[in-house]
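Engineer: Mind looking at a prediction? Sequence and model below.
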Amino acid sequence: MTKMEIKERSAGKNSGKALIMILSVAFGLTAAVVAVAGASAAVQTPAPKEPLQIPRLSTPPKIDGVLDNPIWETEALKIDAFVQLTPKENGVPTEKTVAYLGYDEKNLYVAFRAYDSQASKVRCSVTNRDGCMEDDWVFIMLDTFNEKRRAFSFLLNPIGVQMDMMRIEEGGNDNMDDSWDTVFFSDGKVDAEGYTVEAAIPFKSLRFPNDELKTWNIVLGRNLPRTGEIILHPQYSRDIPGLLSNGRLFTIQGAVERSRNVEVMPFLTSLQREGERLKFEPGANFKLGLSSNMTLDLTANPDFSQIEADEPKIDYNLRYALRYAEKRPFFLEGMEIFSSPEIETVYTRQISDPIWGGKLSGKSGRFTYGLLSAYDMHPAESLWEIPNGGAASDTRAFSNILRTKADVGSGSYIGFTMTDKELGGGSWNRLGGVDGQLRFKDRVFFNFQALASKTSADGEPTSLAPGLYGELYYTTKHWLLGAYYKAIHPEFQASLGFVNRTDYRSAGGFASFRLYPDKKYLNQVQFRLQAGQTDGYADSTTQNTWLRGNVQFRLTEFNQVFVAYENEMERFADVEFKKQSLSVESQIMFISWMPFGFFFETGDGINYDPEDAFLGYSNTYGVYATFKPSKRLQLGAEFSK
């Protein structure tokens, strides 16, 4: 990094007015587009189809992947009306796909016959769970509460290797959370006509309403990487965002085995240091399925040593804290319940070393709920919790989290969150508030949060400190237009959440335009423009202004090239720095035996040292690749600088 001449500039007197102007224009344009488009929205929405009934099978099929049991043809529900999602919306697939559905008291049975005229080019590998996204695969998504926001997702490669994920479609964002795992059975076989896959999904592995007639929203599909196709049932409209909003209703009539799973995992760890006696640490995890939609988790002196290590991240010259994903099984059960639109009020990594913990999660009617309590030996500490001397305290913490959501129409909810962290000695942090996602006419979304926190350090409580967020946007097949506003009070604290910055107000707008060439190796081109400004919460001093533009080339669903440019002013140490940057990123999976990718970013960077802040030049680049010489051998390499 080389020092460059810098010049301090006083904040403009009208920065607060500029923020209001940006917000007003962005919201005004979005609202105008919404109003104009609303009149025709109902006409474009396809008429709903009658639910399909999944039949009860007389005998359970053997799950061996062969698909030779006649029960699939004689009793199961057969589905062969598949269409392309990509490259051509609702186009005719190049290869035929047939799915079969049936059930008995214990399991939901699913089978696929995936025809392929070039069966020798079917991609499959023997790999770890959730590790075969680059292969051919088929899938079923089960939205068992028909809420069009969450679905249990089961993906299987041609030899039955499993991927189980939770699909979450909230706030207009689609996410596949592979931290969710459950028990199900599968197998598959590759043959001269393509491949076949069979699966048995125990009802005890799912959550669903305790109704005699169960109505589930289901999506079936297939990934065909050789041709770049994603194939779906039912038909899909890009004018209605979200796979689950385009799903098909299926019914299951009659009683099935409800969840009464009991899991007990005792463990014993030992430790001996030089010159000390051998110490033993017993503990146990306990899980009880109270019903098909309610689970109780308990843990005592948990051992997380078997958990996969965090991805290495370089904590150097960063202005804000790094965030790491939660991987501990106790905290993962029902974790989607605790999610929020923007301000992350629940981040369970803040409970770092619990002596004991308990969690109740589930759904009853329109209401989803989660309650978590834990007593923490070494809690992660916010700045207000660290004594004036600067050394971290040895205080233990009692943490409590309550989260509820109420469904209010298709794809919409209103939620309530309350968190409490008690440190003793008159120190605590409490937070509460409401949030939600409201969806209108399939294409208009309003996401919001209204929070308030109160904090006491050594018996001296602060006043209520608000945290606010609102976002309005409109999306169609080609357009995405939106605006947002966010404000965090200087004394706002979320000690059980993750808020890496306070004392600011921010407003901005964004617009995207998407083209669909429907070519074999160019599915989509997206242009996106964002602009906004961040001011201090009280003094209205401008902290950031930015203009960002990018273009994304989606060659196929999993082959992409992304190019972005950013022009930003950032204030640090009372100095305004003007920065520009250019970045390129790609993910390429055309070569079945060697998927790879790279990234590159060049531009201006700030040295975040309050005593010696200056603007320099920065280059970051990296490349990664996986070499697959056979189905059972994979070699991976990654380099970055």
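Structural biologist: Great, that's in hand.

Engineer: Tell me the residue in this protein that is farthest from the middle.
Structural biologist: Here the chain reaches farthest from its C-alpha mean at residue 275, the gap being 47.4 Å by Cα atoms, centre = their mean.

Engineer: Quick check: residue 122 touching residue 194?
Structural biologist: Yes - Residue 122 is in contact with residue 194 according to Cβ atoms under 8 Å; the separation is 6.6 Å. In short, each C-beta sits where N, CA and C put it, glycine included.

Engineer: Please identify every residue contacting each of the two.
Structural biologist: Residues touching both residue 122 and residue 194 (Cβ atoms under 8 Å, 6 or more residues apart in numbering): residue 116.

Engineer: in which helix or strand would I find residue 124?
Structural biologist: Under the criterion DSSP states H and E, no helix or strand holds residue 124.

Engineer: Spatially nearest residue to it (excluding sequence neighbours)?
Structural biologist: The shortest distance from residue 124 to any non-neighbouring residue, by Cβ to Cβ, 6 or more residues apart in numbering, is to residue 158 (4.1 Å).

Engineer: what's the spacing between the one you found and residue 313?
Structural biologist: 35 Å (Cβ to Cβ, to the nearest Å).

Engineer: These two: who's more crowded?
Structural biologist: residue 158 (28 against 10; other Cβ atoms under 10 Å).

Engineer: And that one, how far from residue 185?
Structural biologist: Counting by Cβ to Cβ, the gap from residue 158 to residue 185 is 16 Å.

Engineer: burial of the closest residue to residue 460 other than its chain neighbours, as a residue count?
Structural biologist: Counting by Cβ to Cβ, 6+ apart, residue 426 is the residue found nearest to residue 460 once chain neighbours are left out, at 7.8 Å. Neighbourhood size, residue 426 [other Cβ under 10 Å]: 11.

Engineer: Likewise for residue 137?
Structural biologist: Number of residues near residue 137 (other Cβ under 10 Å) recorded here: 26.

Engineer: Residue 619 too?
Structural biologist: Residue 619 has 10 neighbours, counted by other Cβ under 10 Å.

Engineer: Tell me which residues are up against the helix or strand hosting it.
Structural biologist: Element membership for residue 619 (DSSP H and E) is strand 615-630. By Cβ under 8 Å, 6+ apart, the residues outside strand 615-630 that reach it are 1-4, 6, 125, 134, 577-579, 592-607, 634-641.

Engineer: Please export the C-alpha coordinates of stretch 169-184 as PDB.
Structural biologist: The C-alpha trace of stretch 169-184 is given here as PDB (Å, rounded to 0.1, in the frame of the first residue of the first chain):
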ATOM      1  CA  GLU A 169     -37.800 -17.900   0.800                       C
ATOM      2  CA  GLU A 170     -38.200 -14.800   3.100                       C
ATOM      3  CA  GLY A 171     -37.900 -11.200   2.200                       C
ATOM      4  CA  GLY A 172     -37.600 -12.000  -1.500                       C
ATOM      5  CA  ASN A 173     -34.300 -13.800  -0.800                       C
ATOM      6  CA  ASP A 174     -33.900 -17.500  -1.700                       C
ATOM      7  CA  ASN A 175     -31.500 -19.500   0.400                       C
ATOM      8  CA  MET A 176     -30.600 -23.200   0.700                       C
ATOM      9  CA  ASP A 177     -29.400 -23.900   4.200                       C
ATOM     10  CA  ASP A 178     -27.400 -27.100   4.200                       C
ATOM     11  CA  SER A 179     -26.800 -27.100   8.000                       C
ATOM     12  CA  TRP A 180     -30.200 -28.800   8.300                       C
ATOM     13  CA  ASP A 181     -29.900 -32.600   8.400                       C
ATOM     14  CA  THR A 182     -32.400 -35.300   9.000                       C
ATOM     15  CA  VAL A 183     -32.800 -39.100   8.600                       C
ATOM     16  CA  PHE A 184     -34.000 -40.600   5.400                       C
END
